[in-house]
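**Q** Coordinates for the following, if possible.
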Amino acid sequence: MARIKREAVVAGSGNVFRDLGLADSEDRKLRVQLAVRLNELIDEYRLSQAAVAKRFCIPQPHVSDLRNYKLSRFSSERLVRFITLLDRDIDIVIRPRDSAHKIGHVAVLFAV
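**A** Here you go, the predicted model:
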């Protein structure tokens, strides 16, 4: 009779970067969340990479990095600025920490 090998399943923290043990995991997560929304907006506007580069005043290869989630050259602040250049307002709300989290966290919520 063959033995069935069982794998242990560990619940994630909700932040894959923290789960991987990466430094600055909260900032990485925030930048990805901002980039997801930014790329959605670029798609909604049907902008070419050249048009995005012109609007954001960045070289076209940097737009390619953004579109492919290569975010090392982009700070959270820079991504926020790009979103505002696509005619969106951003509100930052600071509230008491949710008791479900051991430490405070940052989340990006998208309004329609």
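**Q** longest helix of the chain?
**A** Longest helix in the chain, counting residues (DSSP state H): helix 25-45.
**Q** Which residues does the helix or strand bottoming out on mean pLDDT in the chain contact?
**A** Lowest by mean pLDDT, DSSP states H and E among the helices and strands of the chain is helix 16-19, with a mean of 89. Helix 16-19 is contacted from outside by Gly12, Ser13, Asp24, Ser25, Glu26, Arg28, Lys29, using C-beta atoms under 8 Å, 6 or more residues apart in numbering. The C-beta positions use only the backbone N, C-alpha and C, and glycine is treated the same way.
**Q** at 6 Å instead, please
**A** The contact list for helix 16-19, computed with C-beta atoms under 6 Å, 6 or more residues apart in numbering, reads Gly12, Ser13, Ser25, Arg28, Lys29.
**Q** got it, and stretch 31-38?
**A** Residues outside stretch 31-38 that contact it (C-beta under 6 Å, 6+ apart): Tyr69, Leu71, Ser76, Leu79, Phe82, Ile83, Val108, Phe110.
**Q** So which of those residues wins on neighbours?
**A** When neighbours are counted by other C-beta atoms under 10 Å, Phe82 leads the contacts of stretch 31-38 with 24 neighbours.
**Q** What mean pLDDT does the host helix or strand of it get?
**A** Assigned by DSSP states H and E, Phe82 belongs to helix 76-84. The average of the pLDDT scores along helix 76-84 is 96.
**Q** how close does the most centrally placed residue in the chain get to Val106?
**A** By C-alpha atoms, centre = their mean, the chain has its centre lying nearest to Val32, at 1.6 Å. The gap separating Val32 from Val106 is 11 Å, by C-beta to C-beta, to the nearest Å.
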